[in-house]
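Enquirer: quick one, fold the following:
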Amino acid sequence: MNEKLKEIEETLKKTHSQLARILKLIKECSRLYENPIDNAYKIDSLTKKLKEIVEKIDFDKTSLIESISPLKDTVEKLKEDFKFEFGRKLEKELKLKGFGLRGQFPTLYTKFYTIKIDFQTGKGTISFGPETLKTGIKLKPEELALSIEQIDNELKQDVLEQEELLKKIYEAWERTNCRDRPSGLSLPIIEVLGQLVFLIQPKKFFIDPIKRHFIEYSRAKFGYDLYRLKETNTTKINGKELSLITATFDATSKKEGYIWVPINEKGDGTTYSYLSFR
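Expert: Reported below is the predicted structural model:
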């Protein structure tokens, strides 16, 4: 196939050279036509040269198309080979970091995470359930695997010990509950998250509230922590138990309506709209 491409390249180079000469002559004729009477004989001479060159052009469009057509089949096979190699290398890189890989292109899964592959743009996206965590990742297996590892480490990093975290969630729920609402209500989970972010900040943040003193706490992190509390059975406090209420279909249409919480490490999970202690 490479030899065929070289033949096409040589043909096009020759044609390109001829077309360049034609363009040059046409530009010269156009200039002479600004004063056509005085330049009549020059125009005649250029016209003859132009005719000679045009007649020498041997460009068979049909033949060129026929020559290029097999490239399409070759490219399709190369694309499939690339996908196979990419998948094999990604699986290997993830395995080295303790992750498995499942699914089919363009959607792959590893633990809690979904990997969307766009071969056309050469970029990948990592999500935690419906939460997009990172976009525009180059389709290099080692980069994708490293991104997964970094995200996983960040989600698993304890902001607080389990018992202390549950205590803060309970306090956040009570603060939300104080907004002229009867005690014991199921409250919007996003409002509870807003209070929780405030409660987990260190003392130095309130003394000097600058960026480096602020502890980030994302929707995904909250979802993961709720999953861990259930997994470790750390759900009871002050005689009450943490309870999550599944989101309706309408509630999942906007981010302010839900939090996604995994139920296992296979990527399954549930969206919740409300939180309470009963």
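Enquirer: can we go C-alpha only for contacts and neighbour counts from here?
Expert: Noted.
Enquirer: can you list contacts of stretch 197-208?
Expert: 159, 168, 172, 213-217 (CA atoms under 8 Å, 6 or more residues apart in numbering).
Enquirer: change it to 10 Å
Expert: Applying CA atoms under 10 Å, 6 or more residues apart in numbering, the contact partners of stretch 197-208 are 159-160, 164-165, 168-169, 171-172, 193, 209-218, 222.
Enquirer: and the gap between residue 29 and residue 57?
Expert: 20 Å (CA to CA, to the nearest Å).
Enquirer: who has more neighbours, the two?
Expert: residue 29 (20 against 13; other CA atoms under 10 Å).
Enquirer: the more buried one against residue 44, yeah?
Expert: Yes: Residue 29 lies in contact with residue 44 (CA atoms under 10 Å); the separation is 9.2 Å.
Enquirer: overlap in contacts, these two.
Expert: Contacts common to residue 29 and residue 44, judged by CA under 10 Å, 6+ apart, are residue 50.
Enquirer: which of the contacts of stretch 197-208 are buried?
Expert: The neighbour-count test (16 or more other CA atoms under 10 Å) marks 159, 165, 168-169, 171-172, 193, 214, 217, 222 as buried among these.
Enquirer: between all of those, which two are separated the most?
Expert: 171 and 214 (19.4 Å; CA to CA).
Enquirer: and which of the buried ones among the contacts of stretch 197-208 is nearest residue 241?
Expert: Nearest to residue 241 among the buried ones among the contacts of stretch 197-208, with distances taken as CA to CA, is residue 169, at 11.5 Å.
Enquirer: which SS state does that closest one fall under?
Expert: helix (DSSP: H, G, I helix; E, B strand; the rest coil).
Enquirer: could you look up the SS state of residue 260?
Expert: Secondary structure of residue 260, per three-state DSSP, is strand.
Enquirer: can you pull the contacts of it?
Expert: Contact analysis of residue 260 by CA under 10 Å, 6+ apart lists 128-131, 219-220, 222-224, 226-227, 246-247, 252, 268-273.
Enquirer: let's see 7 Å
Expert: 129, 223, 269-272 (CA atoms under 7 Å, 6 or more residues apart in numbering).
Enquirer: repeat that for residue 219.
Expert: Residue 219 touches residue 259, counting by CA under 7 Å, 6+ apart.
Enquirer: any idea how far residue 272 is from it?
Expert: For residue 219 relative to residue 272 (CA to CA), the value is 12 Å.
Enquirer: so what sits against both of the two?
Expert: residue 259.
Enquirer: flag the shaky bits of the protein, pLDDT-wise.
Expert: 1-2, 4, 58-74, 179-184 (pLDDT under 70).
Enquirer: quick one: the helices in it?
Expert: Assigned by DSSP state H, the chain shows helices spanning 2-32, 40-56, 61-96, 141-156, 162-177, 189-199, 203-207, 219-231.
Enquirer: any chance of JSON lines for these, columns distance to residue 108?
Expert: Below are the helices of the chain laid out as JSON lines (distance: least, CA to CA, whole Å):
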{"stretch": "helix 2-32", "distance to residue 108": "34"}
{"stretch": "helix 40-56", "distance to residue 108": "56"}
{"stretch": "helix 61-96", "distance to residue 108": "9"}
{"stretch": "helix 141-156", "distance to residue 108": "12"}
{"stretch": "helix 162-177", "distance to residue 108": "31"}
{"stretch": "helix 189-199", "distance to residue 108": "29"}
{"stretch": "helix 203-207", "distance to residue 108": "40"}
{"stretch": "helix 219-231", "distance to residue 108": "19"}
